[in-house]
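S.K.: Provide a 3D model corresponding to the input given below.
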Amino acid sequence: MKMIKIYKKRFLNKIIILTFLLLTPITSSAEIVDKKWTKNCDKKNKVCVIAINHQTSVPNSDKKKVLATAMIQLGSTTERKMALVDGEEKTYKLKEENKVVSVLFFNLPLNVDLKKQPLIQIDKKNVLNIPFTHCNTRDGCVTQIAINDKVIELFKSGKELTLVMAPYGSKDNMSINLSLKGFSKAYKSLFE
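M.R.: From the prediction side, this is the model:
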């Protein structure tokens, strides 16, 4: 049983990594805003994400800088299940079933403490921690996790998503607040 869980986890990680590779071109050219969740697609409308960002004012300027971006993209995974073929003979057959998986990504600034996984809160209630995948100068530090329908429902019913992270070398955590305005409509649009 433990091997099955490990296999599923490894397989899901491969799907998530593949999804991330498909996602990369979208985030660099997309018009992501800080007021509400919006849908953004690649040029051929084959790969879409919903996203929102958090902007901060640049000192001594009218400009704003993106501090963090949250994105959700749909991926798929294949689940293998044993199905009863003949009840009398108790024979089973391995069946494969494709399942849609929502993958949550955050692009965070460089110089965060990678030893501490960021915490996601919805309306100040802890939901889950999200692991880092990598850091680079273009995207910052990237996190990702597959989320289930229960978490999606919390996003839909919530008003504010808070990401709590630790800046490197600081004792105090930093919070980034993102509106959940428009989330339900944007998420539904991923299935259209």
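
S.K.: Can you give me every residue that contacts T137?
M.R.: For T137, the contacting residues are L110, by C-beta atoms under 8 Å, 6 or more residues apart in numbering. (Each C-beta comes from the backbone N, C-alpha and C, glycine too.)

S.K.: separation between it and N111?
M.R.: T137 sits 12 Å away from N111, going by C-beta to C-beta, to the nearest Å.

S.K.: quick one: what helix or strand has Y187 in it?
M.R.: helix 183-189 (DSSP states H and E).

S.K.: Show me what that helix is packed against.
M.R.: Counting contacts by 3 or more C-beta pairs under 8 Å, 6 or more residues apart in numbering; DSSP states H and E, helix 183-189 packs against strand 38-41, strand 48-57, helix 149-157.

S.K.: What residues sit buried inside it?
M.R.: For helix 183-189, a neighbour-count test (16 or more other C-beta atoms under 10 Å) marks 183, 186-187 as buried.

S.K.: Between strand 48-57 and the longest strand seen in the chain, find me the angle.
M.R.: Across the chain, the strand with the greatest residue count (assigned by DSSP state E) is strand 64-86. Strand 64-86 runs at 150 degrees relative to strand 48-57, counting by axes from the mean of the first three to the mean of the last three C-alpha atoms, to 10 degrees.

S.K.: Could you point out the helix or strand that follows strand 64-86?
M.R.: With DSSP H and E, the next secondary element past strand 64-86 is strand 91-108.

S.K.: Which strands or helices does that following strand pack on?
M.R.: helix 2-29, strand 64-86, strand 140-147, helix 149-157, strand 160-165.

S.K.: quick one: the fourth one to strand 91-108, angle?
M.R.: Put simply, helix 149-157 runs at 40 degrees to strand 91-108, going by the same axes, to 10 degrees.

S.K.: do the third one as well
M.R.: Computed by the same axes, to 10 degrees, the angle separating strand 140-147 from strand 91-108 equals 150 degrees.

S.K.: Return the list of helices and strands in contact with strand 140-147.
M.R.: With contacts taken as 3+ C-beta pairs under 8 Å, 6+ apart, strand 140-147 sits against helix 2-29, strand 64-86, strand 91-108, strand 132-136.
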